[in-house]
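**Student:** Task: produce atomic coordinates for the following.
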Amino acid sequence: MTTFGVHTGLQQTSVSELRSVWATIEELGFGWISIWDHFYGATGQPDDADCLEAVAMHAALACSTRTVRCGSLVYSIGYRHPAVIAKAVTAVDHLSNGRADVGLGAGWAEVEYSAYGIDFPKVGTRMDQLEEGVTILRSLLHDDVTDFSGEWFSASSARNEPRPVQSHVPVWVGGGGEQRTLRIAARHADGWNIPFVAPDTFAHKRSVLHRHCDEVGRDPNEIRCAINVGLAWTDASLVHQFGAIAEYVRPGVLTGSVDEIVERIGGYTDAGADQVNLALRAPFDVDALARFADALGLSATSAATTQSTSVEPQP
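**Tutor:** Have a look, this model is predicted:
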């Protein structure tokens with residue numbers, strides 16, 4: 001059964017607004033809510049700095065909800081040491097009573113690295129950091145003791161205690177790079193997420209992921225595949241939410257009538273999406289969320305059914 005979620009951007013908003021939106025999302029029957037990890041807004045502009053910090057908001061999400069999965073898409077390995085992420089997500093898992101998911105990516109928003117004096121190495125280095133980081137993260141979350149020696153990260157008889165509430169915290173890898181990112185996901189991920197691509201592109205990327213799974217001896221059915229899509233009823237809304245990257249994300253933005261949006265969602269599920277997340281940014285259009293939930297029959301789903309079908313931790 002397809003899970004429907006909402007990925008809430010942390011730019012140009014407030015904690016009180018986010019808590020209200022999260023409560024509404026849960027009431028509408030969505031099974032997932034996630035936050036992003038940026039220090040600046042995601043428009044790519046050097047003066048777009050109105051953005052809340054991700055770990056604190058991940059914890060706030062856990063404390064503000066009761067049934068939804070509480071995810072992160074995705075923490076950047078460029079400014080998040082994997083051991084620190086493991087400790088933080090373990091705390092989020094306790095705050096949520098076992099509803100935490102964690103995503104990790106290589107990072108891309110150079111503007112925020114430059115602003116804060118954080119090194120932004122070439123993409124090959126960032127991929128190496130991602131693979132080492134996700135290896136340590138998984139081990140700290142799932143093993144009693146972690147030993148790892150890499151070029152960028154290491155761990156020596158490292159323990160993560162107290163242990164998470166879940167016996168297995170789902171670890172996601174975000175991105176669509178076919179040579180490295182999808183191979184890293186094939187080796188290490190419980191879930192793979194890609195944003196703002198059309199259904200045919202999603203199907204292609206998923207097929208590449210499955211090919212990498214075959215190469216590394218992994219059952220592709222072990223990896224949950226998710227797409228983040230925008231929701232913008234008008235071009236003005238699209239530009240307001242995404243700024244300078246509006247045209248870049250347009251192929252993965254739902255627009256048009258309710259029937260057209262439902263048909264578009266069907267394109268993603270036909271392409272193999274196990275999960276479809278609405279990637280929304282302030283000002284949050286609660287009415288649009290309600291119409292979307294009603295069109296898909298989410299509002300009629302009981303909390304118990306939502307939990308049993310969408311909230312159960314993935315293996």
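**Student:** Relative to Ala83, how far out is the residue lying farthest from the centre of the chain?
**Tutor:** Relative to the centre of the chain, the most outlying C-alpha is that of Ser157, 29.6 Å out, by Cα atoms, centre = their mean. Look at Ser157 and Ala83: by Cβ to Cβ, to the nearest Å, they are 12 Å apart. Quick note: C-beta positions are derived from backbone N, CA and C, even for glycine.
**Student:** same question, Val169
**Tutor:** Counting by Cβ to Cβ - Val169 and Ala83 are separated by 14 Å.
**Student:** and the residue farthest from the centre of the chain, that's in a strand?
**Tutor:** Yes - membership of Ser157 in a strand is supported by DSSP: H, G, I helix; E, B strand; the rest coil.
**Student:** what's the nearest residue to it if we skip its chain neighbours?
**Tutor:** In space, and not counting its chain neighbours, Ser157 is closest to Val145: 5.8 Å by Cβ to Cβ, 6 or more residues apart in numbering.
**Student:** mind checking how far the one you found is from Glu26?
**Tutor:** On the measure of Cβ to Cβ, Val145 and Glu26 end up 37 Å apart.
**Student:** Could you do Ala155 as well?
**Tutor:** For Ala155 relative to Glu26 (Cβ to Cβ), the value is 36 Å.
**Student:** Please apply the same query to Glu17.
**Tutor:** Distance from Glu17 to Glu26, by Cβ to Cβ: 15 Å.
**Student:** okay, those two: which has more neighbours?
**Tutor:** Using other Cβ atoms under 10 Å, the more surrounded residue of Glu17 and Glu26 is Glu26, with 19 against 14.
**Student:** ok so that one is a strand residue?
**Tutor:** No - counting by three-state DSSP, Glu26 falls outside a strand, being helix.
**Student:** wouldn't Gly29 be in contact with Ala295 here?
**Tutor:** No - counting by Cβ atoms under 8 Å, Gly29 sits too far from Ala295 to count as a contact (11.9 Å).
**Student:** Just want to know which of those two has more residues nearby.
**Tutor:** Gly29 (22 against 15).
**Student:** Leaving out chain neighbours, which residue sits closest to that one?
**Tutor:** Leu298 (3.5 Å).
**Student:** ok, now Met127?
**Tutor:** Closest to Met127 by Cβ to Cβ, 6+ apart is Arg180, at 4.2 Å.
**Student:** and that neighbour, what is it in contact with?
**Tutor:** Residues in contact with Arg180, defined by Cβ atoms under 8 Å, 6 or more residues apart in numbering, are Gly124, Met127, Leu130, Glu131.
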